[in-house]
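> Kindly generate the corresponding structure for this input.
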Amino acid sequence: MSTLTSSTLSRRLQSVCIAQAEVDSPLGPVLLARTATGLAGMWFEGQKAHPGELPSVPHAPGDPLLAAAAQQLGDYFAGRRTQFDLPLDLQGTPFQQIVWQALLRIPSGGTCTYAALAREVGAPQAVRAVGAAVGRNPASVIVPCHRVLGHDGSLTGYAGGLHRKQALLQLEGVLEKAS
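Numbers count the residues shown, from 1 in each chain. Modelled structure (predicted):
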């Protein structure tokens, strides 16, 4: 169950991505990148495992897929969308791919624990490996890793920062907003 390091991911993205764009969100700037077949990632500025600059990838905010991703993210943050309808081409190991596919099955307004996710992917003894794969999810929000909670329901381990995880779960009605 190997993982891709940030530098390996950055090199891979630079070799397979054909366009990138930066868009604003209520939770800070977001980098979108795509390959010829789908969205390769969505990272918040400052997020762990952010690939950093992709100097060999053209900036193309008008790219149809990146524009659709930006529109769907805007609709999500405005409360008009609960699911994303975008082709994905996430770069990761086979184990990471399995975990990311399982994340896509967690419905908006729902949550699960890392242990439950490990059981779902057929690796009940690999909770830490599942947690590492969740933490390397390259498409935050779109692949809803924010819906995974600690065994006691606590907000743990969000690569984009716990303040963002809390805000996303509040937006989806899982948590009440603090007054």
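
> Show the end-to-end separation of stretch 42-60, please.
15 Å (CA to CA, to the nearest Å).

> Run through this structure and note the low-pLDDT ranges.
Across the chain, the ranges flagged by pLDDT under 70 are 1-6, 177-179.

> what residue is smack in the middle of it?
Ser140 (1.9 Å; CA atoms, centre = their mean).

> residue ranges for the strands of the protein, please.
17-23, 30-35, 39-44, 112-113, 148-149 (DSSP state E).

> Now tabulate the ones you listed in CSV and tack on mean neighbour count.
For glycine as for every other residue, the C-beta is placed from the backbone atoms N, C-alpha and C. CSV is the format used below for the strands of the chain (neighbours: other CB atoms under 10 Å):
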stretch, mean neighbour count
strand 17-23, 19
strand 30-35, 24
strand 39-44, 25
strand 112-113, 17
strand 148-149, 22
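
> CSV for those strands, including distance to Arg136?
Shown next, in CSV, are the strands of the chain (distance: least, CB to CB, whole Å):
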stretch, distance to Arg136
strand 17-23, 17
strand 30-35, 15
strand 39-44, 11
strand 112-113, 18
strand 148-149, 13
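
> among these, which is nearest Gln170?
Closest to Gln170 of those, according to CB to CB: strand 148-149, at 13.8 Å.

> Which other helices and strands does that closest one contact?
Contacts defined by 3 or more CB pairs under 8 Å, 6 or more residues apart in numbering; DSSP states H and E place strand 148-149 against strand 112-113, helix 114-120.

> ok, and which of the ones you listed has the densest surroundings?
helix 114-120 (a mean of 19; mean count of other CB atoms under 10 Å).

> Extract the CA atoms of that helix and return them as PDB.
Extracted C-alpha coordinates of helix 114-120, given in PDB (Å, rounded to 0.1, in the frame of the first residue of the first chain):
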ATOM      1  CA  TYR A 114     -12.000   5.700   9.000                       C
ATOM      2  CA  ALA A 115     -12.700   2.200  10.400                       C
ATOM      3  CA  ALA A 116     -15.900   1.800   8.500                       C
ATOM      4  CA  LEU A 117     -14.200   3.000   5.400                       C
ATOM      5  CA  ALA A 118     -11.500   0.400   5.900                       C
ATOM      6  CA  ARG A 119     -14.100  -2.300   6.300                       C
ATOM      7  CA  GLU A 120     -15.900  -1.100   3.100                       C
END
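
> which other residues reach that helix?
With CB atoms under 8 Å, 6 or more residues apart in numbering as the test, helix 114-120 has contacts from 99, 102-103, 105, 112, 124-127, 129-131, 134, 148-151, 157.

> Mark which of those are buried, thanks.
Neighbour counting by 16 or more other CB atoms under 10 Å classes 99, 102-103, 112, 126-127, 129-131, 134, 148-149, 157 among the contacts of helix 114-120 as buried.
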